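Peer 1: no sequence on hand, only this structure:
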C-alpha cells in the first residue's frame, strides 16, 4: 500500500470515478494475492478468502499502530495467514 492510499480512499468516498478506480486497483491487488496463495497450495476458494483477509489487514493495519507491534509480530501474522 502506498503512502497516498488513505487519501485516495477518502477522495473515493466523494467521487464516483475515483471510487471506480480504487475498486479496480483493489480487484487487481486481491487477484495477485490470490495467485500467491494458490501457488502456496491453497484451493481457489481458500486462496481468495486468504487474499481478501490479508488485503484487508494490509489496508487497516497502518491505521491501528497502537499498541506498537512487537519485533517479529508482522511476520507471525503473515505466517498465520499462510498456514494450511
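Peer 2: Okay, I see it. Here the structure is a predicted model, which means the values were calculated and not measured.
Peer 1: got a list of what residue 21 touches?
Peer 2: Residue 21 sits next to residue 12 when contact means CB atoms under 8 Å, 6 or more residues apart in numbering. In this view, the C-beta of every residue, glycine as well, is placed from N, C-alpha and C.
Peer 1: could you shift the numbering so residue one becomes 43, and keep it that way?
Peer 2: Shifting the count to begin at 43 puts that one at residue 63.
Peer 1: so which helix or strand takes in it?
Peer 2: helix 58-81 (DSSP states H and E).
Peer 1: could you give the angle of the following helix or strand past that helix to helix 58-81?
Peer 2: Note on helix 58-81: by DSSP H and E, the next helix or strand toward the C-terminus is helix 86-102. Interaxial angle, helix 86-102 versus helix 58-81 (axes from the mean of the first three to the mean of the last three CA atoms, to 10 degrees): 130 degrees.
Peer 1: buried stuff in the helix holding residue 63?
Peer 2: Burial within helix 58-81, assessed by neighbour count using 16 or more other CB atoms under 10 Å, is assigned to 64, 71, 72, 75, 76, 79, 80.
Peer 1: can you lay out these as a markdown table showing pLDDT?
Peer 2: Below are these laid out as a markdown table (pLDDT from 0 to 100):
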| residue | pLDDT |
| --- | --- |
| 64 | 96 |
| 71 | 96 |
| 72 | 97 |
| 75 | 95 |
| 76 | 97 |
| 79 | 93 |
| 80 | 95 |
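Peer 1: picking up where we left off before, tell me how far the helix holding residue 63 lies from the chain's centre.
Peer 2: 9 Å (CA atoms, centre = their mean, to the nearest Å).
Peer 1: just stretch 104-114 next, same as before
Peer 2: Distance, centroid of stretch 104-114 to centroid of chain: 16 Å (CA atoms, centre = their mean).
Peer 1: so how far does that stretch reach from one end to the other?
Peer 2: End-to-end distance for stretch 104-114: 16 Å, by CA to CA, to the nearest Å.
Peer 1: please apply the same query to stretch 106-119.
Peer 2: 14 Å.
Peer 1: now do it, average pLDDT.
Peer 2: Average pLDDT, stretch 106-119: 80.
Peer 1: same deal with stretch 87-94?
Peer 2: 95.
Peer 1: contacts for it?
Peer 2: 72, 73, 75, 76, 77, 78, 79, 80, 82, 84, 123, 124.
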